[in-house]
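A.B. asks: From the sequence below, what's the structure:
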Amino acid sequence: ELDGTLTKLWFCIPRFHGEGYQEGLAEGSHAGMAEGRRCGALHGARIGSEIGCYLGFALTWHCLLQKCTDEKSSKKMKALDSLIGMIQKFPYEDPTYDKLQEDLERIRGKFKQVCSMLNIQSDFRIGTERSSLTF
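C.D. replies: Next comes the predicted model:
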């Protein structure tokens, strides 16, 4: 009698294992999607904040230098125009854009170039004591 019960249990183990595996896979996939969305939204917000900072910086300096007519100011204006153009072309709506990181690095490089031309440190902090963004 005991031997027959063990045999029945032995044949049930693969079924329970398979069901458990499928349940675990489904639950893990669901949890992974939720975590992925949360992480993606946070990363996207950081990139948006960084690029928004660059755009505000560039537009402000563009306004400040508009009335200057010397050659140095003209070169600074061209660099600012280039930075503004790069930011305006950045594909905010397409998170699957394959050159997103490459374009972001180009914008960061242009920002550093503009800061150098304006004699401004490019690693400045923006924000208050409680929360600040660093780039």
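
A.B. asks: Would you state the strands of the protein in chain order?
C.D. replies: Along the chain, counting by DSSP state E, strands occupy 125-127, 132-134.

A.B. asks: low-confidence ranges in the chain?
C.D. replies: Applying pLDDT under 70 to the chain flags the ranges 1-18, 124-135.

A.B. asks: State which helix of it is the longest.
C.D. replies: Selection of the longest helix in the chain by residue count, based on DSSP state H, yields helix 2-65.

A.B. asks: helices or strands up against that one?
C.D. replies: Packed against helix 2-65, as judged by 3 or more Cβ pairs under 8 Å, 6 or more residues apart in numbering; DSSP states H and E, are the following elements: helix 71-89, helix 100-117, strand 132-134. C-beta here means a position set from N, CA and C on the backbone, and glycine is covered the same way.

A.B. asks: how does it look with 10 Å?
C.D. replies: helix 71-89, helix 100-117, strand 125-127, strand 132-134 (3 or more Cβ pairs under 10 Å, 6 or more residues apart in numbering; DSSP states H and E).

A.B. asks: right, and these - which one's nearest Y21?
C.D. replies: Taking Cβ to Cβ as the measure, the helices and strands packed on helix 2-65 were each checked against Y21, and helix 100-117 came out nearest at 35.7 Å.

A.B. asks: Which positions within that closest one qualify as buried?
C.D. replies: Taking 16 or more other Cβ atoms under 10 Å as the neighbour-count basis, helix 100-117 is seen to contain the buried residues 107, 110-111, 114-115, 117.
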